[in-house]
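Visitor: Show me the folded form of this:
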Amino acid sequence: MSAATSPRSVLESNGFVLLSRLVGRALLYLLLIVMSLWFLAPLFWMIMSSFMPLDQVGVFPVQWIPRVWQPENYTDALKFWNFGTTFRNTMFVTIVSLIGDIGSCTVVAYGFARFRFPFRDALFLILLATLMLPFAVRLIPVYAAYDAIGWIDTFYPLIVPSFFGNAFYIFICRQFFLGIPQDLLDAAKIDGASEVRIFTQVMIPLAKPAIVVIAILSFQNSWNDFLGPLIYLKDPDLHTLAIGLYKFTSLPGQGGIYNQQMAASTLMVLPVLIVFFLFQKQFIQGANISGLKG
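Guide: Predicted structure coming up:
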């Protein structure tokens, strides 16, 4: 046995490889921690500022921890903000839109993934091309159409489009459905299952990770939507949280009360954070399986 292939040299080589991997993984974790802190810093400052006295917010250098904790900032903010009505409206729009997105996108995605029909691929490319159309480009014709049928100042423009599919959500579901083995569907057909039964009892249970991804994205988009309610809703009793928060910050005397503004912002962001942290495992799993990674 030569010196180059001696057990000692092999052990030293393996030890060097193991050390390199450990150092590389440690550097990777360090980079991820730094990036996480970088992205979480604004959120942390917003939450801490919501408990600070007014003279501690918006000063330099930035104050991260309240000198005196003032939870009454939340109650003071709610005195000027119709939180109950806007919260109820936002929940209604969000839940109905979520149901519409999940129902319509799974059905359309199943059709694109499992059925063969003329111009299927071309139609799917056209569907994806709609993602490149900015909302501002179709704002005026869409508004004119809604105005012609009397939908302005109602929730219909915010919830009805979700029942006709979302191109991005359809793409997510289609990618997931394509990953399900065809043999499984053939076995279900041999057992006498119809397409409806295969979709509801086979595909939907298997597609739970992708559905969770769609649900979280739909919840976030509807909850944070500002432009849609601003354009279509004029009645204050129909306003959502985004519009209510905007009106709150523009009230006379509220322009410089940053601690109450941060308290109101925290109340609006909190439900989205809770939903994400409760379903983050399923969200990451669904994103990986659906081809969104990378």
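Visitor: secondary structure element for Ala145?
Guide: Per DSSP states H and E, Ala145 falls inside helix 139-148.
Visitor: for Leu31, same thing?
Guide: helix 7-49.
Visitor: That helix - contacts with which helices or strands?
Guide: helix 258-278 (3 or more C-beta pairs under 8 Å, 6 or more residues apart in numbering; DSSP states H and E). Where C-beta positions appear, they are placed from N, C-alpha and C, glycine not excepted.
Visitor: Buried residues of the helix it packs on, list them for me.
Guide: Within helix 258-278, the residues that count as buried by 16 or more other C-beta atoms under 10 Å are 258-269, 271, 275.
Visitor: One more: stretch 90-102?
Guide: Judged by neighbour count using 16+ other C-beta under 10 Å, the buried positions of stretch 90-102 are 90, 92-94, 96-98, 100-102.
Visitor: can you redo those residues as JSON lines with pLDDT, secondary structure and distance to Asp76?
Guide: Converted to JSON lines, the buried residues of stretch 90-102 look like this (pLDDT from 0 to 100; DSSP: H, G, I helix; E, B strand; the rest coil; distance: C-beta to C-beta, whole Å):
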{"residue": "Thr90", "pLDDT": "92", "secondary structure": "helix", "distance to Asp76": "21"}
{"residue": "Phe92", "pLDDT": "94", "secondary structure": "helix", "distance to Asp76": "27"}
{"residue": "Val93", "pLDDT": "94", "secondary structure": "helix", "distance to Asp76": "27"}
{"residue": "Thr94", "pLDDT": "93", "secondary structure": "helix", "distance to Asp76": "27"}
{"residue": "Val96", "pLDDT": "95", "secondary structure": "helix", "distance to Asp76": "32"}
{"residue": "Ser97", "pLDDT": "94", "secondary structure": "helix", "distance to Asp76": "32"}
{"residue": "Leu98", "pLDDT": "93", "secondary structure": "helix", "distance to Asp76": "32"}
{"residue": "Gly100", "pLDDT": "94", "secondary structure": "helix", "distance to Asp76": "37"}
{"residue": "Asp101", "pLDDT": "93", "secondary structure": "helix", "distance to Asp76": "36"}
{"residue": "Ile102", "pLDDT": "92", "secondary structure": "helix", "distance to Asp76": "38"}
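Visitor: Could you single out the nearest of the residues you listed to Tyr143?
Guide: Val93 (17.6 Å; C-beta to C-beta).
Visitor: can you tell me which residues contact the residue most central in space within the chain?
Guide: Among the residues of the chain, the one closest to the centroid is Leu217, at 2.9 Å (C-alpha atoms, centre = their mean). Going by C-beta atoms under 8 Å, 6 or more residues apart in numbering, Leu217 touches 168-169.
Visitor: which SSE is it in?
Guide: Judged by DSSP H and E, Leu217 forms part of helix 208-224.
Visitor: Measure how that helix sits relative to helix 258-278, angle-wise.
Guide: 170 degrees (axes from the mean of the first three to the mean of the last three C-alpha atoms, to 10 degrees).
Visitor: any idea which helix or strand comes after helix 208-224?
Guide: Past helix 208-224, the next helix or strand by DSSP H and E is helix 227-232.
Visitor: for the record, mean pLDDT for that next one?
Guide: On average, the pLDDT along helix 227-232 is 90.
Visitor: For that helix, which outside residues touch it?
Guide: By C-beta under 8 Å, 6+ apart, helix 227-232 touches 93, 135, 139, 143, 146, 151-154, 157-158, 238-240, 242-243, 246.
Visitor: helices and strands of the protein: which one bottoms out on pLDDT?
Guide: Ranking every helix and strand in the chain by mean pLDDT, DSSP states H and E puts helix 280-289 at the bottom, with a mean of 64.
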